[in-house]
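K.L.:
Provided below for reference: sequence and predicted model.
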Amino acid sequence: MTVVLVGLGLLLLALLGAPLFAVIAAVALLGFHGQELDLSIVMIEFYRLADMPVLVAIPLFTVAGFLLAESQAPRRLVRLSDALLGWMPGGLAIVAILTCALFTAFTGASGVTIVAIGAILLPAMLQAGYPRLFALGLLTTCGSLGLLLAPALPLILYAVVAQHAGGAAVGVDDMFRAGLLPALLMILMLGAYAVWQGRRLPPRPPREAKGWQEVRAALLDVAWELPLPVIVLGGIYAGWFAASEAAAVTAAYTLILTVVIRREVNLRALPGVLRESMVLVGAILLIFGVSLAFTNYLVDAEVPARVFAFIREHVDSKLAFLMLLNLFLLLMGMCLDIFSATVILVPLLLPIAEGYGIDATHLGVIFLANMELGYFTPPIGMTLFIAAYRFNVPIWTLVRACVPFFLILFAAVLIITYVPSLSLALVR
């Protein structure tokens with residue numbers, strides 16, 4: 001009875017806004033106490049984090065992303081994309097899609113993308129004649145686009161959690177490869193919709209009218225940033241770097257670029273940027289540590305096995321399970337940030353999904369694709385609130401604006417879910 005009352009009290013604290021790590025830690029401690037196990041198990045899980053070399057990639061990629069966000073790199077990236085693609089029907093919308101996807105891949109946080117790039121692109125899209133609702137919906141949606149592209153932090157975190165919580169053989173490099181084709185599918189589907197919408201707009205001057213000088217000038221302007229995707233994507237996909245090595249090279253290159261070469265992040269501002277990035281890393285590691293302890297409790301209590309037995313009893317079809325999984329993940333994506341959702345849900349879902357014959361790497365892509373949608377799914381998707389603040393519009397205006405984009409990306413998620421070869425082709 002006491003345990004039930006404490007559990008209800010913890011649930012109430014969570015609903016009232018208590019820090020998530022504190023609630024998870026309390027549940028783990030309560031569970032171990034109920035099993036009469038030593039509570040030092042929770043601290044041992046934090047010690048285990050030191051034995052995970054791949055975790056080095058998380059702070060390094062985070063620093064690189066924050067430094068890029070603080071510099072003028074977003075403006076240069078928009079300029080280059082516009083010079084190359086802006087003349088097409090729907091070209092400026094395609095520029096927004098590609099720019100947001102690439103920037104989110106490096107920053108790993110949709111809020112940063114909207115704040116850094118939304119202010120540049122929204123006025124430009126409105127001036128080009130795009131309907132306001134379309135522009136708002138596109139930028140809000142694209143704030144989380146790119147989480148399946150390397151080196152996005154959620155890909156790294158999923159691989160680490162899968163290895164340590166479920167024992168699944170999922171490498172970070174595997175997740176980087178697995179996310180590429182599904183991410184391109186999402187980009188292409190949104191791009192097709194942008195072209196269809198752009199047919200109604202007055203045509204922009206063709207590239208020849210502008211002259212190739214703008215393209216050349218834009219390329220020269222962004223020349224120092226262009227090697228970054230080559231270093232990360234080329235190095236990892238070609239097998240030259242492990243994820244942690246690519247992270248170290250990326251962080252060092254970005255630091256030298258923004259502080260020494262470009263001088264857009266001065267030495268006085270640098271400690272603030274580093275502090276801000278490490279606050280995010282610290283939050284991730286804190287949640288990760290207590291969640292590992294919570295996972296151990298669940299395994300000891302045989303919770304995944306019981307959940308799997310219950311689901312198996314009521315859901316025979318793998319296809320039906322996958323649909324239920326998508327709906328469940330969408331709901332969780334609205335309520336939890338992607339890092340918390342990964343460390344809490346993946347250990348529960350892995351053994352159940354594997355029981356239905358679902359590959360752990362494919363599950364990771366399904367999981368993260370649904371999290372992308374959850375970011376802007378009403379009523380409490382996180383991106384909706386960030387975009388409402390950034391663009392100074394009511395939440396429900398953004399909800400209406402995001403509906404067509406949600407339907408397009410939900411269709412993409414269904415394709416990703418039911419065509420596993422899309423995720424696994426490059427891995428195998």
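P.N.:
All right, it came through fine. Numbers count the residues shown, from 1 in each chain.

K.L.:
quick check: domain ranges of this structure?
P.N.:
1-39, 40-424 (automatic domain parsing).

K.L.:
most tightly surrounded among the ones you listed?
P.N.:
domain 40-424 (a mean of 19; mean count of other CB atoms under 10 Å). All C-beta spots, glycine's among them, are computed from the backbone N, C-alpha and C.

K.L.:
In three-state terms, label the residue nearest the centre of the chain for me.
P.N.:
When CA atoms, centre = their mean is applied to the chain, the residue found nearest the centroid is L147 (3.3 Å). State at L147, reduced to three classes by DSSP: H, G, I helix; E, B strand; the rest coil: coil.

K.L.:
if I read this right, it contacts T104, doesn't it?
P.N.:
Yes. The pair L147 / T104 is scored as a contact, 6.3 Å apart, by CB atoms under 8 Å.

K.L.:
looking just at contacts, which helices and strands does the longest helix along the chain meet?
P.N.:
For the chain, the longest helix by residue count, based on DSSP state H, is helix 270-300. Contacts defined by 3 or more CB pairs under 8 Å, 6 or more residues apart in numbering; DSSP states H and E place helix 270-300 against helix 20-34, helix 41-49, helix 57-70, helix 153-161, helix 338-355.

K.L.:
after the fourth one, next one along is what?
P.N.:
Per DSSP states H and E, the first helix or strand lying C-terminal to helix 153-161 is helix 172-198.

K.L.:
follow-up on the earlier one: how about the residue nearest to the centre of the chain, phi and psi?
P.N.:
L147 has phi and psi values of phi -70, psi -10 when expressed as degrees, to the nearest 10.

K.L.:
pLDDT score for it?
P.N.:
pLDDT, L147: 87.

K.L.:
And I284, by the same measure?
P.N.:
pLDDT for I284: 73.

K.L.:
give the contact list for it.
P.N.:
Taking CB atoms under 8 Å, 6 or more residues apart in numbering, we find I284 in contact with 58, 153, 157, 339.

K.L.:
Now do it against Y356, distance only.
P.N.:
Distance of I284 to Y356, computed by CB to CB, to the nearest Å: 29 Å.

K.L.:
before we move on, what about A25?
P.N.:
According to CB to CB, A25 and Y356 sit 31 Å apart.

K.L.:
in terms of contact, does T258 touch A69 like I think?
P.N.:
No. The pair T258 and A69 fails to qualify as a contact (CB under 8 Å) at a distance of 10.0 Å.

K.L.:
Figure out which of the helices and strands packed on helix 270-300 is closest to R306.
P.N.:
helix 338-355 (10.5 Å; CB to CB).

K.L.:
Quick one: mean pLDDT for the closest one?
P.N.:
Helix 338-355 comes out at a mean pLDDT of 82.

K.L.:
angle of it against helix 57-70?
P.N.:
Here the directions of helix 338-355 and helix 57-70 differ by 130 degrees (axes from the mean of the first three to the mean of the last three CA atoms, to 10 degrees).
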